[in-house]
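Novice: Coordinates for the following, if possible.
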Amino acid sequence: MRLSSMADYAVVTMSVAARHCGGARVSATELAEEAGLPLPTVQKLVSLLGRAGLLRSVRGAGGGLQLARPAAAITLADIVEAVEGPIALTACVQAGKHDCALEDNCTVRPHWGAVNEALRGALANVPLTQLAATPTAEPVRKVPA
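Specialist: A predicted model of the protein is given here:
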């Protein structure tokens with residue numbers, strides 16, 4: 001499984017926004033500059049993330065963008081689903097959204113729901129606070145001679 005570029009960019013954008021949490025509101029232009037992304041891409045993401053209730057736009061003097069809820073209450077699963085829709089490795093688990101030649105005889109289909117829930121659960125265990133944290137250097141591991 002691989003995230004789409006837009007989902008990846010959404011994670012980067014939300015991480016940048018989280019670093020401003022508690023500070024002044026940030027503009028889409030500032031988010032784009034800090035994330036190293038094109039402004040039109042960030043504007044599209046801001047719209048998607050806003051519709052999902054992850055970002056909030058405040059108008060007027062001192063306006064800008066801010067997280068719609070605390071960074072600790074936003075997960076990687078929330079961000080991915082805001083851009084990609086429900087997390088599903090196969091289309092057969094979504095009602096009316098499958099066209100599979102094996103559908104009538106598939107013995108694996110009943111299990112995909114559990115697999116998808118496990119994947120979503122893993123992504124839901126990664127809070128935005130972790131994604132926004134400045135990485136620390138990991139200790140160098142010595143390779144045995």
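Novice: Packing partners of the helix or strand bottoming out on mean pLDDT in the chain?
Specialist: One helix or strand of the chain scores below all others by mean pLDDT, DSSP states H and E: helix 109-124, with a mean of 88. Applying 3 or more CB pairs under 8 Å, 6 or more residues apart in numbering; DSSP states H and E, one finds that helix 109-124 contacts helix 76-84. From N, CA and C alone the C-beta is placed, and that goes for glycine too.
Novice: Let me know the average pLDDT across the helix it packs on.
Specialist: Across helix 76-84, pLDDT averages out at 96.
Novice: centroid residue for this protein?
Specialist: Nearest to the mean C-alpha position of the chain, counting by CA atoms, centre = their mean, stands residue 79 at 2.6 Å.
Novice: hmm, who's touching the helix or strand harbouring residue 29?
Specialist: Assigned by DSSP states H and E, residue 29 belongs to helix 28-35. With contacts defined as CB atoms under 8 Å, 6 or more residues apart in numbering, helix 28-35 is touched by 9, 12-13, 15-17, 19, 37-39, 41-43, 46, 64-65.
Novice: Let's see the ChimeraX selection covering just the buried ones among those residues.
Specialist: In ChimeraX syntax, the buried subset of those is picked out as below (16 or more other CB atoms under 10 Å):
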select :9,12,13,15,16,17,37,41,42,46,64,65
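Novice: Which of the contacts of helix 28-35 fall in strands?
Specialist: 64, 65 (DSSP state E).
Novice: The residue nearest to the centre of the chain: what's it in contact with?
Specialist: 7, 10, 11, 14, 49, 54, 128.
Novice: Ok, residue 25 next?
Specialist: The contact partners of residue 25, taken as CB under 8 Å, 6+ apart, are 58, 62, 63, 64, 65, 66.
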